[in-house]
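Novice: Here's a sequence, model it:
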Amino acid sequence: MTVEGLPMAVPAANLPARVRIHEVGARDGLQNEKSTVPTEVKAEFVRRLAQAGLTTIEATSFVHPKWVPQLADAEQLFPLVAGLEGVHLPVLVPNDRGLDRALALGARRVAVFASATESFAKANLNRTLDESLAVFEPVVRRAKDEGLHVRGYVSMCFGDPWEGPVPVHQVVRVCRALRDIGCDELSLGDTIGVATPGHVLELLSALNEEGVPTNVLGVHFHDTYGQALANTYAALQHGVTTVDASAGGLGGCPYAKSATGNLATEDLVWMLQGLGIDTGVDLGRLVATSAWMAERLGRPSPSRTVRALSHKEQ
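Specialist: I've put the predicted structure just below:
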């Protein structure tokens with residue numbers, strides 16, 4: 001696919017030279033689909049994302065199929081993509097059993113999924129916040145003993161559908177706890193998309209003040225109120241160099257009905273290219289991949305960039 005009309009690169013001051021995109025489309029993006037996506041289609045999606053230059057692609061989740069039926073094929077999917085050269089394939093592990101399954105397939109990067117609020121911990125994990133952290137501790141420690149890289153997701157960092165705005169100190173406490181038990185990296189999730197740039201900067205500064213360095217932080221924004229790119233830009237200004245995004249803007253959250261789609265990877269890449277920031281991603285191939293997946297899902301991609309550039313091809 002040849003893409004015309006790429007943005008003119010005009011670098012801005014005090015921004016990173018390179019950003020690593022943590023692609024979540026194959027896991028977070030597809031987990032809510034009502035119709036089962038065939039395993040081979042998922043595998044081809046991951047392969048095409050890798051061919052587009054993405055080097056961190058979250059492949060699947062080893063959660064019990066009862067909770068996320070769409071990802072019940074984790075054992076079948078992971079071996080189909082495990083041999084991709086130069087690509088990290090993190091997987092979600094909710095507990096010891098999930099870690100066992102991931103280790104059996106040779107996964108080298110795993111993630112645990114925590115909450116910054118009591119309400120979401122109860123809805124998503126059926127535990128209190130502290131109980132959920134207690135469950136994660138032996139999982140993370142065992143993963144580290146096995147030499148794995150561990151990411152800690154923190155959901156509801158900015159707002160919660162039951163509790164409203166989330167105090168910054170509450171988010172910091174959970175992030176510190178995850179770092180203390182051994183997480184290498186933290187992803188700050190704006191699960192219902194209510195964050196604004198000032199709030200983002202306040203949280204990042206508070207984390208730094210409490211000993212959590214910027215270089216272990218990633219950001220994960222949803223575009224519910226159209227703020228995902230603005231919030232990402234604020235994070236870049238603070239020095240964040242890891243940004244989560246979902247190809248085609250796929251995804252939401254099954255336990256928070258007000259959560260709409262993730263930041264589209266194509267929209268992110270368009271902005272970063274315009275800022276002269278290197279991602280290693282071929283935007284044309286990425287757009288083609290999301291258009292291909294949209295056809296298989298039977299609906300157009302919500303990504304504005306996918307729609308704009310696909311229209312140019314017609």
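Novice: only C-alpha atoms for contact and neighbour calcs from this point on.
Specialist: OK.
Novice: so where is the stretch 151-300 of the chain shaky, pLDDT-wise?
Specialist: Scanning the stretch 151-300 of the chain for pLDDT under 70 picks out the ranges 252-260.
Novice: hey, where'd the helices end up in this structure?
Specialist: Counting by DSSP state H, the segments of the chain that form helices are 39-51, 74-81, 96-104, 118-125, 129-145, 168-180, 197-209, 228-238, 265-274, 283-297, 304-313.
Novice: orientation of the longest one relative to helix 118-125 in degrees?
Specialist: It refers to helix 129-145. 60 degrees (axes from the mean of the first three to the mean of the last three CA atoms, to 10 degrees).
Novice: can you give me the mean pLDDT across helix 129-145?
Specialist: What helix 129-145 shows for mean pLDDT is 95.
Novice: what is the orientation angle of that helix with helix 168-180?
Specialist: 30 degrees.
Novice: Count the residues that sit near Val110.
Specialist: Residues near Val110, counting by other CA atoms under 10 Å, number 27.
Novice: Same question for Arg141.
Specialist: With other CA under 10 Å as criterion, Arg141 counts 16.
Novice: Check the one 3 residues further on too.
Specialist: Lys144 sits with 18 neighbouring residues when counted by other CA under 10 Å.
Novice: Val219 too?
Specialist: Neighbours of Val219 (other CA under 10 Å): 25.
Novice: quick one: it from Glu33, how far?
Specialist: 23 Å (CA to CA, to the nearest Å).
Novice: ok now do Thr39, which residues does it touch?
Specialist: Taking CA atoms under 8 Å, 6 or more residues apart in numbering, we find Thr39 in contact with Asp73, Gln76, Leu77.
Novice: Got a PyMOL select line for the buried ones in these?
Specialist: Applying 16 or more other CA atoms under 10 Å to the contacts of Thr39 leaves a buried subset, and the PyMOL line that selects it is:
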select buried, resi 73+77
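Novice: Go through the contacts of Thr39 and say which is closest to Gln273.
Specialist: Leu77 (32.0 Å; CA to CA).
Novice: got any ranges where the stretch 1-150 of the chain has weak pLDDT?
Specialist: Ranges of the stretch 1-150 of the chain meeting pLDDT under 70: 1-5.
Novice: Could you rerun that using 90?
Specialist: Along the stretch 1-150 of the chain, the parts satisfying pLDDT under 90 run over 1-6, 32-34, 64-67, 121-127.
Novice: Now Gly29: closest residue in space, sequence neighbours ignored.
Specialist: Closest residue to Gly29 apart from its sequence neighbours, by CA to CA, 6 or more residues apart in numbering: Gly251 at 3.7 Å.
Novice: so who does the one you found touch?
Specialist: Applying CA under 8 Å, 6+ apart, the residues contacting Gly251 are Gly25, Asp28, Gly29, Leu30, Gln31, Asn32, Thr260, Gly261, Asn262.
Novice: thought the last one was touching His222?
Specialist: By that I understand Asn262. Yes - the criterion here is CA atoms under 8 Å, and Asn262 meets it with His222 at 4.4 Å.
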